[in-house]
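1. I need the structure of the sequence given here:
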Amino acid sequence: MPRKFLFAVGVLWACQAAALQSAAGPQPATGTIQVAFTPGDDAAGLIMQAIRHARQQILVQAYSFTHIGIADALIQAHQRGIEVRVIADPQQAERIPTSLIRQLAAAGIQVLMDSEHASAHNKVMIIDADSHPVVITGSYNFTHAAQFINAENLLVLRDNPGIANAYRNNWQRHREHSMPLIP
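-> Prediction:
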């Protein structure tokens with residue numbers, strides 16, 4: 001009888017500990033967050049600065065891409081030996097005459113088209129996910145209009161490996177059903 005009692009007490013204690021742990025919620029965030037709102041703030045400058053500091057890899061998901069400064073920064077990163085890979089919305093890349101998606105591919109950057117969805121509407125960059133990661137996301141398209149005309153927001157999340165891995169995993173899920181753009 002004492003053995004069953006001790007077992008029951010142990011199970012009860014374990015259940016309570018698990019309940020307390022799950023009630024504690026998520027772990028505290030790590031790293032820093034910068035925010036920019038356009039027009040007004042230099043969101044493009046924050047993006048280009050993060051690209052310039054990349055050391056290993058830049059993964060991009062883009063709906064619309066017409067900002068020449070951001071495109072040039074990605075091309076320069078590629079030329080420095082940084083792995084740059086882009087997943088783009090095919091309708092936006094083809095429909096908008098000022099789209100820079102083909103120029104990125106022509107520069108040797110791997111560009112994939114996500115035609116699985118009616119709209120590949122993510123606007124994300126994951127930079128160096130394995131070491132001092134940076135995640136850039138928000139409503140901000142990588143466009144001139146997003147910087148100077150539209151009301152947009154941008155978050156730059158630094159040194160939060162959990163967030164970076166979640167975004168990288170999502171990028172990889174989209175990569176699996178995307179097709180290469182041939183320049």
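2. which residues touch the closest residue to Leu157 other than its chain neighbours?
-> Nearest residue to Leu157, sequence neighbours excluded (CB to CB, 6 or more residues apart in numbering): Val135, at 4.5 Å. (C-beta placed from N, C-alpha, C; glycine too.) Contact analysis of Val135 by CB atoms under 8 Å, 6 or more residues apart in numbering lists 124-127, 155-157, 160, 163-164, 167.
3. and the strands in the protein?
-> 32-38, 57-62, 83-88, 110-113, 124-127, 134-138, 152-158, 179-180 (DSSP state E).
4. for the second one, which outside residues touch it?
-> Spelled out, that is strand 57-62. Under the contact criterion CB under 8 Å, 6+ apart, strand 57-62 has outside partners 51, 74, 77, 82-89, 101, 114, 120, 122-130, 141-142, 168, 171, 174.
5. just the C-alpha atoms of it, please, in CSV.
-> The C-alpha trace of strand 57-62 is given here as CSV (Å, rounded to 0.1, in the frame of the first residue of the first chain):
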residue,chain,number,x,y,z
GLN,A,57,23.3,33.7,-45.4
ILE,A,58,20.3,35.9,-46.3
LEU,A,59,16.9,34.2,-47.0
VAL,A,60,14.3,36.5,-48.5
GLN,A,61,10.6,36.2,-49.0
ALA,A,62,9.3,39.0,-51.2
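6. from the chain's centre, how far out does that strand sit?
-> Distance, stretch centre to chain centre, for strand 57-62: 7 Å (CA atoms, centre = their mean, to the nearest Å).
7. stretch 76-87 now?
-> On CA atoms, centre = their mean, the centre of stretch 76-87 falls 15 Å from that of its chain.
8. that'll do, ta.
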